[in-house]
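# Sequence and predicted structure, then a few things I'm wondering about:
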Amino acid sequence: MLYPSLHELKENEDSKYMIVIMAAKRARELQDHPEYAVFEDYKSKKTVGKALEEIAHSHVKRIN
C-alpha cells in the first residue's frame, strides 16, 4: 500500500495532475533546501514521498 494514498491526496486537491506538479516542485525545493522541511520525521526517505506527505497533511497549497 502506498502512503499517502491517492484518496488522501485528492481530499486537498481535485486534480491528480496538479498533485503531480505540486509534488515535483516541492520535491525539487526539498532537494535544494533540506532545511525547508516541514516535518522532522517522514515515512518516506525520498523527496517525492516527503512532498506527497506534506500535500496530504495540507502543508503545501497550490498557488493560482
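Thanks, I have the structure now.
# And the helices in this protein?
6-10, 16-32, 47-56 (DSSP state H).
# Mean neighbour count, mean pLDDT and distance to D41 for those - can I get that in CSV?
Quick note: C-beta positions are derived from backbone N, CA and C, even for glycine. Formatted as CSV, the helices of the chain follow (neighbours: other C-beta atoms under 10 Å; pLDDT from 0 to 100; distance: least, C-beta to C-beta, whole Å):
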stretch, mean neighbour count, mean pLDDT, distance to D41
helix 6-10, 13, 85, 18
helix 16-32, 15, 94, 14
helix 47-56, 21, 94, 10
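# So which of these is nearest R62?
helix 16-32 (6.1 Å; C-beta to C-beta).
# Identify the residues contacting the closest one?
Among residues not part of helix 16-32, those counted as contacts by C-beta atoms under 8 Å, 6 or more residues apart in numbering are 6, 9-10, 13, 36-37, 46-48, 50-52, 54-55, 60, 62.
# and if we set it to 10 Å?
6, 9-10, 12-13, 15, 36-38, 42, 46-56, 59-63 (C-beta atoms under 10 Å, 6 or more residues apart in numbering).
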